[in-house]
Every structure is written in structure tokens, then in C-alpha cells.
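Peer 1: Here you go, sequence then predicted model.
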Amino acid sequence: MDISLIGLAAPIIRGIFLGGLYVVIALGLSLVFGVMKLINVAHGDLVILGSYLAWAIMGWLGIDPFLSLVVGVPLFFVLGFFVQKFIINRTFRISLDAALIACFGISIIVQSLLQIIWTPFNRSLLTDYRLNTFAVGPVTIQLRYLLNFVGGLAVMIAVREFLRRTYMGRAISAASQNEPVAERMGINPKRVYSFAFAIAMACAAVAGVLQGLTFSFSPASGPPFLIISFGVIILGGLGSIAGTFIGGMIFGLTQTLGAYLSGGSMMIQMLAPYLLVFVVLSVRPQGIFGR
Amino acid sequence: MKIPRLTILAPIAALVVLALFPLIGVPLSWLNYLFSFFIYLALANMWNLLAGYTGLICLCPHAFIGLAGYTMAIGTQVGMPFQVGLIAGAAVAAIFALVISYPVFRMKGIYFAIGTLVLPEVLKQWFNYWSPVGTVYQGGGAGYSVIGLAGFSLENKYLLALAIAAAAIFAVYMILRSKLGLGLTAIRDNENTAASSGVNIFRLKLSVFLIAAFIMGIAGAAYFIHNPKIQPAGGFSISWLLLPLMATVIGGEGTEEGPIIGAAIVTFLRFLLADYGAWSLFIQGIILVGVVVAMPQGIAGLLRQVGAYRFPQKLFQAAEGKIRKT
Amino acid sequence: MSETAVLSIDGVRKSFGGIHAIQNITFEVRAGEVLGLMGPNGAGKTTLLNLIAGVYRPDSGRILFQGKDITRCAPHKTCHLGIARTYQIPQPFTDLLVRDNLMVAAKYGNKRGDTLELDEILDLVDLLKQKDTMAGDLLTVSLKRLELARALASNPILILLDEVAAGSTEAELPRILDITRQVREMGKTIILVEHVMKVMVEAVDRIIVIDKGEKIAEGTPGEVMKDEKVLAAYFG
């Protein structure tokens, strides 16, 4: 196997760019976890739902998937708001475990719904520019990877500014750090939860488009993304957006380098991130930047 | 002669009656239905033991089931008799549980849940590419068949499943009334206090985890004796997690009779919706969310709340009294 | 470690992130004595108890219990060896009966053979009548006594009492002192963390005062109360 520096450059750059996708996916999960201490096990499936929605709108209206986000993002926002308000908030009154089980139920609902509507076969968001490549020095990179990176940065900045500059954003941050105190300052936790979940869903819509451009997907594609995004936020450290970014890069690199170093083995490519998640969970659950 | 309590006699009588079903000419479709019920019952009992009594929300039953099934299938492919394969499958599942317990039990709460969720996904991918034995048409995505089952009739399978379900119920019964049961309840209640009172949390959790893995493994392998083809998607299907989870939640987490009630309902649902493919899962998902939101204590919990057990309890006591007098 | 010492803390340090909770503490606890542990809020008293019980591991230093090095022992192990502890804010098994709370400690914590009469323990702390009550239904004051009972049920040699008198009325204090005395008469050694001065002064043989993670005084109650450093730590 020929491992040259030039040879490594391509998977490294690709890995970093791919990381952008994982950042977008992980941000939604991170927001929900930070505020409610709940891992939404349906998160991966909701991202795939986003991919399917973009696919459907593309097929129906013939427009670019990014344009479909004009419909997708608000739709997902509203959907997330109501799911949190009517389902998950109710389960919090019972226990955190009940909320987890509810999320699992949602995961099953989404997965089976996708299968009913769109059959179990693989789909892709096929656009004209999907296969475009461009050159970075001697290395050719596919355009969609760059889009992931740009998308990742954009969403990350958007979310960070939202958390800093808007009332609801600051309320979400406050509740994430210390809910009882936030409550005493007049912040309604349940309302904050609903907005946080809504934003997470909006991120999932964007992630769905990016993901659909990068990989082919099927109704069962959700859980791998859940696991990876969980790994990202754990690795990056909870509560740290910068950490999520780094975490995303690391996971992207793990996949691309894993594929490259194993000579293109699909199995390694799929398993390497899982192994990383498992190792991080057992060795250093507070992550790199974590407190 | 000391007459044992009715609460022990009744289940034993039920067990005997059920065991006699094949002999008294009960229709084969019933046996088929009950076969599934017994398997689901064993799985639900174990999931309830982990989640309801130990506080371990284990999202990896399909890892144990798939592993056991594959062990048995591959075993029969190389000439192992399926009976041995059954035990071997359960053993492999338990060994797997042992190996992963060291990293996995370092994770608390939600981390544990996701940590366990990773495992079946990893195994699914692994078996998608792994082809240790057989022709080029076997292994990997195509999976394996279980062979050497000639002569093992439906009646035999039925009795096997009944034995497994009975063993599962018995195991839970004995554990809950033992020192282990007290320790588990303590752990679920307050882990720190339990530790400072001398409970070796890791060892107790491991014990339950191993028992659950073994019995889930054997139940899963038994299923694949009846449906003798295993593939990565089916063997490690999330449906195997949904099943005991749903049964436990609907029936009533943390109760002894809950999983039995829940398993009955889930079996009924599955047979009812069997022809509807993905709709079946969809409806089950909706029911799960509905129950968790509206009736989280499950049916058994509900019955307890409305005091539904008081009447049969009085009846039982009166009956016992009358029997003692004669 | 000297002949009569049951517990020996030697050069123990513990930091959490940037906070030095315990900075080089050394002292001994003699067999059968009641040692008071005093200090302003945040001084590190509960951290010290947690270090002894095995909940935290010291960054450096050693802890010896009856000659055995327990520095790296887990909580259940220290319990087996004979150290029991109560929590400042009671941590009972809320969904278990009072007697089952003790049963857990008795069955899992007592590795030294002699079986105890749980009823006697309950009687000692005036909880015998509530034997079959759910721990979650008890009043806070009763929960404190349940903490002590649970600690006793594991048949300990050393008991770490964390503010057992907090929240009690004036009228209840004599009873607490009495109970402490009876526990001592059983032959147990006690480390007592307490803010209620009356209990501290009357129940203990010696006091150790810590402030900001360091030992600043050690001696009889009389000596310690007049110590300048102690007064400075409390009153600035």
C-alpha cells in the first residue's frame, strides 16, 4: 500500500470537509442534549427524513435541494416544536427514561414511515453539480464535500449567533447551564425545550440535504448518523460549539482515513467511527473540551 | 401434607396444561402463535429485569439475539447439531456481554444506552461482510440457513419455547426474591447509597447482564430454529429491540406480571399486522409513544393503581382457607 | 501509623479541575475516639469524608485503615473493610421499606461475620415503629436517623457522620448526643462533621479544624475554640 504524503492529502482534506456534515448533524443533537439532557435517539432518522423531503420536493418541483430548504426548514421547525411540546415534554413529567423511550418510538415511526412512503431502496439527491470536482493543489476534491464544510461552518455560525444575540437563544444557553436558576429568572423551561428542539429539527433539515448529496440513503440510514453525532458531541465535549466542530472533523477524518488506509474497505469505513465512539464513551466521556 | 400456596400452584398448573397442548390435539396454528408468544415473553422478561429492576436501559437485545442466531446457524453449517448450537449461541451471547461489560458499565445513564445501541449496529455491519463458512452464495448479506432440523416438529419447537419462557419467568422470580434482587433494587433506587452500603455495583450489574444475555440468546436462537434463515438485517433488526421494550412498557415496567401481559399484547399485534409490512412497525411505534405518554406505568401499573388485584387476592385467600380446612 | 490508630491520613491532596479541595492533610484517628471535623463552609470536610469512604481517590498521599492501604479502594470495598458513612443530605432508598434500607447494608456491607439485630439498631435511633414504612414517606429528621441506622447495619468499625444534627431542634439535641454516646459505647470509632456547636463540643474527644483544604488546628475542644487561626477562619 502506497502511503505517500500526497496520497494522504486527499483523504485528509476530504475528511475535514466531511466533518462539516457531521457538525451540522451533531449540532441539533447537541442543542437538545445541552438543554434537556436527553439524547434524541430519533435524531439520525429525522435527518434522513430531511433527505427524503428534499428528494420529494426535488422530484415534485424540479428545484435544487438547497432551495427546497425554504420549505424544509420552516416545516421541520414547526414539526419539532410540536413534537417537543406534545410528546416529549409530557414524558419528562414521568422520567428521563420515559423520554428516551418516546424518542425511540419516534425513531421507529419515522423509519417505518419512510419505508412505507418511499420503499426500502436507496435514494440519492442527484443534482447536476453533485459529481463536480475541483482541485486543491495536486488533489481533486468533490464539490459536495466542500459544500458540507461550508454548510457546517454556516450552520455553526448561525446557531452560535442565535444563541448569543436573541432572547430565546440566551434563554436556551442559560437553561443548558443551570436550569433551576434560569427558571427563577423567569425562563419557562418547557418553552425553551420546544424552541431548542425546533431549532435542532431545522438543523436536521439542512443536514438532510447535505447528507443526501454526499451519501445515498435508505430508511435505515438513520442510526449510524445518530451514533456518529453522539460521538461527535461527546468527543468535542458537551456545551462547546467549537468542540463539536473539532469533533466533527475528527470523525470525518476517521472515516476517510480509515477507508484510505484499509485500501477502500467498506467495512472499515463504516466500523472505524463506531469504534471511536465506543472508545471515547468508555475512556473519556467528557471529551476533549469537556468540563 | 403441606399444601403450597395457590400463587405458586396456579402458574405450575398453567405450565402443565400448556405443556399438554400438543398432546390434546390443539390446532397447529395455536402452537405457532404460542411459540412466538413464549419467545417474546422470555425476551420481555429479561428486558424488564434489566430496565425495570436494575435501571439499565439496554438497547442491545438484538446484538445478543443476532449473535446467538448466527452462532447456531454457522454451527449447524459445519455439522453441529442444532441443540448444541442453541446452547452455544446463548453462550456466545453471554461471552459477548462479558467482554463488552467492562467498557459499557463505565458508562452511566444515557451514555450506557447509546453505548449499547452501537453494538448491534457494529455487528450488523460486521456480519454484512463476514463469510466464515459456506459457499459463495452464503454469508455476508445473504446470511445463513440453519440446517439439520429434520424431524424437529412444531410440537417440539413449541415445547422448547415453553421451556425457555418458563425458565425466564423462573429466573426473574428467583432473582427478585434473592439477595441479588435486593441489591438490584437498591442500585436502581440510589446507586451511590448502594455502593456505600457495600453493594458491588459492577458485579451485580454484570450478573444480571450475563443472565439476560444468555436467556435472550437462547430465545433468539430458538426463534431461528423455527425460522431457519438469518441475515444481518433480520438478525440484528431493531425490531428485536422494539419487541421486548414495547412489551415491557405496555405491560408495566418493574412488575413481574407486566412482561407477560405486554408480551401477549405484542404477539397479538404482530400477528394481526403481519401482512402489512412496514405499517406494522409504524403502528407499533405509535402505540409505544402513546403508551409512554399516556400510560407510562403500563397495564400492570394501572391495575395496581385501581386496586384491581385486591378482589382476586381476597378470592385466592378465601380459596386457600377453604382448602386448608378440608 | 501509630499503635492505637484506626485511620491514618497521610499527606492527602485532592483537586477538582483548578480547585484544590484538599491540600496536604495529615492526621490520625485513634481507636474508640470521637473525632470532630470542623471548618467553615467549603473547607473540604465532606470531600475529606468522601476520600476516606473511597468515593474520591486522592491525587497524592495515603489513607490507611487498620494498617491496610485503602487509598485506592472503591466505596463498597471500604464498606466491607468496616467504614460506614452517612450523607449530609440524606440519601435513603426511597422506594424501599425502612427495614429493607438496613437489610441492604446488612447483607452487602457486613463482611465480618457477626449478624446484627436490625430491630435493635432501629430502636436505638427511635425508628422501630416505622420499620415497615416506605423510606420515601419519612420526615427529613427521621431520614437523618435512618442514615445512621443504615450505617450501623453494615457493622462498621469506623463511622463517618456528616452533620447528623443539622435541622434538629434544641429539644432533640440531647437525644442525638445520647445516640452518639451509645454508638461510641458499642466500640465504634466516629468521625463527626458538625456545625451545631453544642453537639461538637459535648460529643467529641478531639477536634480537627480545616480551612480551605488545610488543617489549621488540632486538639481538645477547649484548645481549639481559643485558637487564633480557628477564630480567624470563622470570623475573618
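Peer 2: Good, I have the coordinates. Numbering: from 1, shown residues only, chains lettered A, B, ... in the order given.
Peer 1: who are the neighbours in contact with the closest residue to residue B:231 other than its chain neighbours?
Peer 2: In space, and not counting its chain neighbours, residue B:231 is closest to residue B:143: 3.3 Å by Cβ to Cβ, 6 or more residues apart in numbering or on different chains. The C-beta positions use only the backbone N, C-alpha and C, and glycine is treated the same way. Neighbour list for residue B:143: B:73, B:127, B:229-232, B:234-235 [criterion: Cβ atoms under 8 Å, 6 or more residues apart in numbering or on different chains].
Peer 1: And the residues you listed, which is closest to residue A:43?
Peer 2: Nearest to residue A:43 among these is residue B:232, at 23.3 Å by Cβ to Cβ.
Peer 1: which residues touch the closest one?
Peer 2: Going by Cβ under 8 Å, 6+ apart, residue B:232 touches B:66, B:124-125, B:127-128, B:140-141, B:143.
Peer 1: What of residue B:190?
Peer 2: C:91-94.
Peer 1: Report the separation between it and chain A.
Peer 2: Distance from residue B:190 to chain A, counting by Cβ to the nearest Cβ, to the nearest Å: 15 Å.
Peer 1: In chain C, what residue lies closest to chain A?
Peer 2: residue C:17 (7.4 Å; Cβ to the nearest Cβ).
Peer 1: Run through chain C and note the low-pLDDT ranges.
Peer 2: C:1-3, C:236 (pLDDT under 70).
Peer 1: where along it do the strands fall?
Peer 2: C:5-16, C:19-30, C:34-38, C:60-65, C:68-69, C:83-85, C:158-162, C:189-193, C:206-211, C:214-219 (DSSP state E).
Peer 1: wait, which of the ones you listed is closest to residue B:193?
Peer 2: Smallest distance to residue B:193 across those (Cβ to Cβ): 10.0 Å, for strand C:83-85.
Peer 1: ok, and for the closest one, which residues are buried?
Peer 2: Going by neighbour count (16 or more other Cβ atoms under 10 Å in any protein chain shown), the buried part of strand C:83-85 is C:83-85.
Peer 1: same deal with stretch A:167-179?
Peer 2: Residues A:168-169, A:171-176, A:179 are the ones in stretch A:167-179 that count as buried (16+ other Cβ under 10 Å).
Peer 1: Stretch A:66-79 too?
Peer 2: So stretch A:66-79, judged by 16+ other Cβ under 10 Å, has buried residues A:66, A:68-69, A:72-73, A:75-77, A:79.
Peer 1: now it: how far from the chain's centre is it?
Peer 2: Its chain's C-alpha centre and that of stretch A:66-79 lie 16 Å apart, by Cα atoms, centre = their mean, to the nearest Å.
Peer 1: ditto for stretch C:128-137
Peer 2: Its chain's average C-alpha position is 23 Å from that of stretch C:128-137, according to Cα atoms, centre = their mean.
Peer 1: quick one, what contacts the residue nearest to residue C:203 when sequence neighbours are not counted?
Peer 2: Nearest residue to residue C:203, sequence neighbours excluded (Cβ to Cβ, 6+ apart): residue C:180, at 4.8 Å. Contact analysis of residue C:180 by Cβ under 8 Å, 6+ apart lists C:34, C:161, C:164, C:190, C:192, C:199, C:203.
Peer 1: Would you tell me what the next helix or strand after the helix or strand harbouring residue B:262 is?
Peer 2: Counting by DSSP states H and E, the element that carries residue B:262 is helix B:258-272. Once the chain leaves helix B:258-272, the next helix or strand it forms, by DSSP H and E, is helix B:278-294.
Peer 1: and that following helix, what other elements does it pack with?
Peer 2: helix A:89-92, helix A:96-118, helix B:239-251, helix B:258-272 (3 or more Cβ pairs under 8 Å, 6 or more residues apart in numbering or on different chains; DSSP states H and E).
Peer 1: what about the longest one and chain C, touching?
Peer 2: Spelled out, it's helix A:96-118. No: with Cβ under 8 Å from any Cβ of the partner chain as the criterion, chain C is not reached by helix A:96-118; the gap is at least 14.9 Å.
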